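Participant: Here's a sequence, model it:
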Amino acid sequence: MKFVLLYEDKKNRNAVEKQFIDAGHQVISCESSNDFFQAVEKGGYDRMIVDVKSWFRGLSVYRYFGIAKKIINTPIMFINSPEGFTILDNIRPKNPLDVYVLKEDGRDNLVSRVA
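Facilitator: Numbers count the residues shown, from 1 in each chain. You can find the predicted model right below:
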């Protein structure tokens, strides 16, 4: 499977990326809103892994370019999601294949949480 990973924190991004690569997946690693925007525009991925804090940092850019609408059908693993978090920017509804990883759940064994 091919994933787009949005995680601005380098140490955490590298740790998550390593888990998925070690499990045989391809990862397009995005350290900024610009990288993420370009990956979405290019396409060719199956799922996304999104750090919620990183998403909200780039929210004005994503709103301007309508990113939430472009990923409306893409299953997303939300890392560090707050309790009860289910949608992005009130545009993208919850997808039944979405996965929510609360901050207190940590980042261990993320690959096993993807359906």
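
Participant: Report the rounded mean pLDDT for stretch 81-98.
Facilitator: For stretch 81-98, mean pLDDT rounds to 79.

Participant: One more: stretch 5-22?
Facilitator: When pLDDT is averaged over stretch 5-22, the result is 95.

Participant: show me the residues around Phe37 that make contact.
Facilitator: By Cβ atoms under 8 Å, 6 or more residues apart in numbering, Phe37 lies in contact with 61-62, 65, 67. For every residue, glycine as well, the C-beta is placed using N, CA and C.

Participant: Got a PyMOL select line for the buried ones in those?
Facilitator: Command for PyMOL, covering only those of the contacts of Phe37 found buried under the criterion 16 or more other Cβ atoms under 10 Å:
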select buried, resi 62+67
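
Participant: with the contacts of Phe37 in mind, which one is nearest to Gly106?
Facilitator: When those are compared for distance to Gly106 (Cβ to Cβ), Tyr62 wins out at 26.1 Å.

Participant: who's in contact with the closest one?
Facilitator: The contact partners of Tyr62, by Cβ under 8 Å, 6+ apart, come to 33, 37, 55, 68, 89.

Participant: Do you know the pLDDT at Phe65?
Facilitator: 87.

Participant: same thing with the one 4 residues further on?
Facilitator: Lys69 carries a pLDDT score of 84 in this model.

Participant: show me what contacts it?
Facilitator: If you count contacts by Cβ under 8 Å, 6+ apart, Lys69 has them with 91-92.

Participant: Now do it against Arg63, distance only.
Facilitator: 10 Å (Cβ to Cβ, to the nearest Å).

Participant: and the most centrally placed residue in the chain, helix, strand or coil?
Facilitator: For the chain, Val50 is the residue whose C-alpha lies nearest the centre (Cα atoms, centre = their mean; 2.0 Å). State at Val50, reduced to three classes by DSSP: H, G, I helix; E, B strand; the rest coil: strand.
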